[in-house]
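[1] Have a look; sequence and predicted model below, questions after that.
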Amino acid sequence: MSITIYHNPSCGTSRNTLAMIRASGEAPEVIDYLTNPPTRAKLIELIAAAGLTVRQAIRQKDTPYLDLGLDNPALSDDSLLDAMLADPILINRPFVVTPKGVRLARPSELVLDILPNPDIGPFRKEDGELVSPKVPHRD
(Lines give C-alpha, C1' and ligand atoms only; values in the text may rest on other atoms or scores of the structure.)
Protein backbone atom coordinates (compact mmCIF):
# COMPACT_ATOMS: atom_id res chain seq x y z
CA MET A 1 0.00 0.00 0.00
CA SER A 2 1.29 3.43 -0.89
CA ILE A 3 0.91 6.34 1.49
CA THR A 4 2.25 9.83 0.88
CA ILE A 5 2.44 12.66 3.40
CA TYR A 6 3.12 16.25 2.40
CA HIS A 7 5.12 17.04 5.50
CA ASN A 8 6.67 19.99 7.27
CA PRO A 9 9.18 18.67 9.82
CA SER A 10 8.87 21.93 11.79
CA CYS A 11 5.13 21.41 12.35
CA GLY A 12 3.97 19.44 15.40
CA THR A 13 0.72 18.39 13.73
CA SER A 14 2.66 17.11 10.75
CA ARG A 15 5.14 15.24 12.97
CA ASN A 16 2.29 13.67 14.97
CA THR A 17 0.54 12.61 11.75
CA LEU A 18 3.72 11.02 10.41
CA ALA A 19 4.23 9.19 13.71
CA MET A 20 0.65 7.85 13.58
CA ILE A 21 1.17 6.59 10.04
CA ARG A 22 4.34 4.81 11.11
CA ALA A 23 2.63 3.43 14.25
CA SER A 24 0.06 1.85 11.94
CA GLY A 25 2.84 -0.19 10.35
CA GLU A 26 3.21 1.86 7.18
CA ALA A 27 6.38 3.39 5.74
CA PRO A 28 5.06 6.44 3.88
CA GLU A 29 6.66 8.47 1.17
CA VAL A 30 7.52 11.72 2.95
CA ILE A 31 7.52 14.85 0.81
CA ASP A 32 8.85 18.00 2.43
CA TYR A 33 6.49 20.30 0.58
CA LEU A 34 8.45 23.42 1.52
CA THR A 35 11.48 22.24 -0.47
CA ASN A 36 9.56 20.11 -2.97
CA PRO A 37 6.14 21.76 -3.39
CA PRO A 38 3.42 20.06 -5.39
CA THR A 39 2.67 21.24 -8.89
CA ARG A 40 -0.38 23.41 -9.42
CA ALA A 41 -2.28 20.42 -10.83
CA LYS A 42 -1.29 18.21 -7.87
CA LEU A 43 -2.26 20.89 -5.35
CA ILE A 44 -5.66 21.31 -7.00
CA GLU A 45 -6.06 17.51 -6.99
CA LEU A 46 -5.15 17.23 -3.28
CA ILE A 47 -7.54 20.01 -2.26
CA ALA A 48 -10.42 18.56 -4.28
CA ALA A 49 -9.81 14.97 -3.14
CA ALA A 50 -9.79 16.14 0.48
CA GLY A 51 -13.17 17.81 -0.07
CA LEU A 52 -11.85 21.28 0.68
CA THR A 53 -12.09 24.65 -0.95
CA VAL A 54 -8.88 26.43 -1.88
CA ARG A 55 -9.54 28.92 0.91
CA GLN A 56 -9.86 26.06 3.44
CA ALA A 57 -6.51 24.67 2.28
CA ILE A 58 -4.58 27.90 2.77
CA ARG A 59 -2.67 28.30 6.01
CA GLN A 60 -3.12 31.57 7.86
CA LYS A 61 -1.19 31.11 11.11
CA ASP A 62 2.54 31.91 11.06
CA THR A 63 2.48 32.78 7.35
CA PRO A 64 2.41 35.97 5.26
CA TYR A 65 -1.35 35.41 4.71
CA LEU A 66 -2.46 38.80 6.08
CA ASP A 67 0.58 40.69 4.79
CA LEU A 68 -0.26 39.50 1.27
CA GLY A 69 -3.92 40.51 1.64
CA LEU A 70 -5.08 36.93 1.14
CA ASP A 71 -7.95 37.51 3.56
CA ASN A 72 -9.65 39.54 0.82
CA PRO A 73 -12.82 37.55 0.01
CA ALA A 74 -12.79 38.90 -3.56
CA LEU A 75 -9.61 36.98 -4.40
CA SER A 76 -10.18 34.11 -6.82
CA ASP A 77 -9.10 30.53 -6.24
CA ASP A 78 -6.49 31.06 -8.95
CA SER A 79 -5.03 34.00 -7.03
CA LEU A 80 -4.91 31.98 -3.82
CA LEU A 81 -3.28 29.05 -5.61
CA ASP A 82 -0.70 31.41 -7.13
CA ALA A 83 0.18 32.63 -3.64
CA MET A 84 0.39 29.09 -2.24
CA LEU A 85 2.72 28.00 -5.03
CA ALA A 86 4.87 31.12 -4.75
CA ASP A 87 5.26 30.61 -0.99
CA PRO A 88 4.51 26.97 -0.03
CA ILE A 89 4.32 27.83 3.69
CA LEU A 90 0.80 28.99 2.76
CA ILE A 91 -0.21 25.38 1.97
CA ASN A 92 -1.92 23.94 5.01
CA ARG A 93 -0.45 20.69 6.25
CA PRO A 94 -0.18 17.83 6.36
CA PHE A 95 -2.00 16.42 3.37
CA VAL A 96 -1.97 12.61 3.43
CA VAL A 97 -2.80 10.42 0.45
CA THR A 98 -3.68 6.73 0.79
CA PRO A 99 -5.66 4.36 -1.43
CA LYS A 100 -8.54 5.01 0.99
CA GLY A 101 -8.59 8.77 0.38
CA VAL A 102 -6.97 12.13 0.97
CA ARG A 103 -7.13 14.14 4.18
CA LEU A 104 -5.78 17.37 5.48
CA ALA A 105 -4.84 15.86 8.83
CA ARG A 106 -5.74 18.75 11.12
CA PRO A 107 -6.09 17.53 13.78
CA SER A 108 -3.56 14.78 13.18
CA GLU A 109 -5.90 11.96 14.22
CA LEU A 110 -7.99 12.56 11.07
CA VAL A 111 -5.34 10.47 9.31
CA LEU A 112 -6.71 7.38 11.08
CA ASP A 113 -9.82 7.54 8.86
CA ILE A 114 -7.77 6.74 5.76
CA LEU A 115 -5.15 4.33 7.09
CA PRO A 116 -5.45 0.65 6.17
CA ASN A 117 -4.75 -0.23 9.82
CA PRO A 118 -6.13 2.56 12.02
CA ASP A 119 -5.63 0.53 15.21
CA ILE A 120 -2.39 2.18 16.30
CA GLY A 121 -2.85 1.35 19.97
CA PRO A 122 -2.37 4.00 22.64
CA PHE A 123 -0.71 7.01 21.06
CA ARG A 124 0.49 10.19 22.72
CA LYS A 125 0.98 13.32 20.69
CA GLU A 126 4.04 15.46 21.31
CA ASP A 127 2.02 17.65 23.67
CA GLY A 128 1.03 14.60 25.74
CA GLU A 129 -2.56 14.34 24.47
CA LEU A 130 -3.70 10.73 24.29
CA VAL A 131 -5.31 9.72 21.02
CA SER A 132 -7.94 7.03 21.38
CA PRO A 133 -7.07 4.12 19.17
CA LYS A 134 -9.42 3.32 16.33
CA VAL A 135 -10.43 -0.28 16.08
CA PRO A 136 -11.79 -1.48 12.75
CA HIS A 137 -15.47 -2.41 12.85
CA ARG A 138 -15.99 -6.15 12.66
CA ASP A 139 -19.26 -7.55 11.31
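    Now that the structure is in, tell me what you want to look at.
[2] tell me the pLDDT at Arg138?
    Predicted confidence (pLDDT) for Arg138: 46.
[3] what's the answer for Gly121, then?
    According to the per-residue confidence, Gly121 scores 87 in pLDDT.
[4] My read is that it contacts Ala23, right?
    Yes. In this structure, Gly121 is within contact of Ala23 by CB atoms under 8 Å, at 7.0 Å. C-betas here are computed from N, CA, C, even on glycine.
[5] For these two, indicate the residue with more neighbours.
    Set Gly121 next to Ala23 and count neighbours by other CB atoms under 10 Å: Ala23 wins out with 17 against 9.
[6] Give me the longest helix you can find in this protein.
    Assignment by DSSP state H gives helix 12-23 as the longest helix of the chain.
[7] mean confidence score for the helix or strand following that helix?
    Next helix or strand after helix 12-23 toward the C-terminus (DSSP states H and E): strand 29-32. For strand 29-32, the mean per-residue pLDDT is 98.
[8] Strands along this protein, start to end?
    4-7, 29-32, 95-98, 101-104, 123-124, 130-131 (DSSP state E).
[9] now for those strands, which one comes closest to Asp71?
    Minimum separation from Asp71 across these (CB to CB) falls at strand 101-104, 19.3 Å.
[10] quick one: contacts of the closest one?
    The contact list for strand 101-104, computed with CB atoms under 8 Å, 6 or more residues apart in numbering, reads 46, 49-50, 52, 56-57, 92-96, 110-111, 113-114.
[11] of those residues, closest to Leu18?
    Taking CB to CB as the measure, Pro94 is the one of these closest to Leu18, at 7.3 Å.
[12] Report whether the expected contact of that closest one with Pro9 is present.
    No. Shown here, Pro94 and Pro9 do not form a contact pair, counting by CB under 8 Å, at 10.3 Å.
[13] out of these two, which sits in the more crowded spot?
    Per other CB under 10 Å, whichever of Pro94 and Pro9 has more neighbours is Pro94, with 28 against 10.
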